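J.: here is a sequence together with a model predicted from it:
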Amino acid sequence: MLLTWLYVPGDRPDRFAKAVASGADAVILDLEDAVAAGRKAYARAAVAEFLAAPQPVSVQVRVNELTGPDVEDDLAAVSAAPGLAGLRLPKVESPATVVALAARTGAPLHPLIESAVGLEAAYDIAAAHPAVASLGLGEADLRSDLGVTADDGLLWARGRVVVAARAAGLPPPAMSVYAHVADPDGLAASCAVGRRLGFLGRAAIHPRQLPVITEAFRPADREVAQARELLAAVAEAQTRDSGTVVLPDGRFADRAMVAAARRVVELAARYAA
């Protein structure tokens with residue numbers, strides 16, 4: 001389970017190694033929106049050179065739009081690179097697109113839902129192929145497509161992606177980037193909303209956002225204690241062949257709650273303060 005992904009423009013190779021060493025759980029080298037049209041070839045070559053060697057953290061590449069003129073060159077340059085951990089696919093709208101791409105690469109695929117059409121097909125995209133490793137929401141493009149002017153207008157879309165990922169057996173989706181780099185309080189508040197909706201972790205556009213995201217999604221001591229208490233109680237109930245148990249604080253617990261409690265304990269161990 002990862003909590004932080006750091007985007008880096010593909011035409012800034014001077015930042016690649018710094019991003020890998022930033023403490024982010026994963027790095028996304030971006031060939032799409034962060035790179036101007038006239039620098040696509042340069043960015044592609046820089047990313048391919050960097051990924052010619054294995055990397056100490058997961059490094060994904062966001063390729064250009066799958067229906068555009070640059071994606072073929074992107075795939076040829078990076079899809080078999082030793083340092084590539086996955087391909088981030090922008091503006092996916094059809095499961096057929098995912099299936100076709102999976103046939104051309106062995107890399108894990110991470111489709112991004114960024115339009116109304118893609119949102120309507122979210123589950124089919126998530127379940128399109130075993131190579132799909134996560135489902136994400138690209139909120140900037142979706143806002144534009146829907147004409148949404150406030151976060152409240154994205155609540156249904158966010159819930160839809162969380163449900164689609166879960167229904168397809170994928171990890172909880174990570175939140176989209178928070179564009180206001182100099183607003184850590186706003187970032188923390190936004191992460192708190194996303195966490196309540198079922199998201200886990202978030203993409204960042206600057207290293208200073210990473211500790212804020214980690215802190216927002218790392219389980220609090222009280223959550224960890226409750227999760228451990230639940231796991232112990234359910235385990236004890238199983239020895240008595242009982243399916244349910246009431247905890248000392250009055251909470252009702254059963255086996256269906258075990259997975260969530262285990263995730264809390266695992267996250268706490270991975271991201272110990």
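T.: Cool, got the structure.

J.: so which residue is dead centre in the protein?
T.: What sits nearest the mean C-alpha location of the chain, by Cα atoms, centre = their mean, is residue 174, with 3.4 Å.

J.: quick one: contacts for that residue?
T.: Applying Cβ atoms under 8 Å, 6 or more residues apart in numbering, we find residue 174 in contact with 2-3, 5, 134, 136, 199-203. C-betas here are computed from N, CA, C, even on glycine.

J.: secondary structure element holding residue 16?
T.: Assigning secondary structure by DSSP states H and E places residue 16 in helix 16-20.

J.: now the closest residue to residue 132 other than its chain neighbours: how far from residue 96?
T.: Leaving aside its sequence neighbours, residue 132 sits nearest to residue 109 (Cβ to Cβ, 6 or more residues apart in numbering; 5.2 Å). According to Cβ to Cβ, to the nearest Å, residue 109 and residue 96 sit 13 Å apart.

J.: kindly report the same for residue 206.
T.: Counting by Cβ to Cβ, the gap from residue 206 to residue 96 is 36 Å.

J.: likewise residue 120?
T.: To residue 96, residue 120 is 14 Å away according to Cβ to Cβ.

J.: same deal with residue 232?
T.: Computed as Cβ to Cβ, the residue 232 to residue 96 distance reads 47 Å.

J.: in the stretch 101-250 of the chain, what spans have low per-residue confidence?
T.: Within the stretch 101-250 of the chain, the stretches with pLDDT under 70 are 237-238, 241-244.

J.: which residues in it form strands?
T.: Along the stretch 101-250 of the chain, counting by DSSP state E, counting those that start in this stretch, strands occupy 109-113, 136-137, 202-204, 244-246.

J.: pipe the ones you listed into JSON lines and attach mean neighbour count and distance to residue 147 per row.
T.: Supplementary listing: the strands of the stretch 101-250 of the chain in JSON lines, determined by neighbours: other Cβ atoms under 10 Å; distance: least, Cβ to Cβ, whole Å:
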{"stretch": "strand 109-113", "mean neighbour count": "27", "distance to residue 147": "17"}
{"stretch": "strand 136-137", "mean neighbour count": "24", "distance to residue 147": "17"}
{"stretch": "strand 202-204", "mean neighbour count": "24", "distance to residue 147": "23"}
{"stretch": "strand 244-246", "mean neighbour count": "14", "distance to residue 147": "47"}
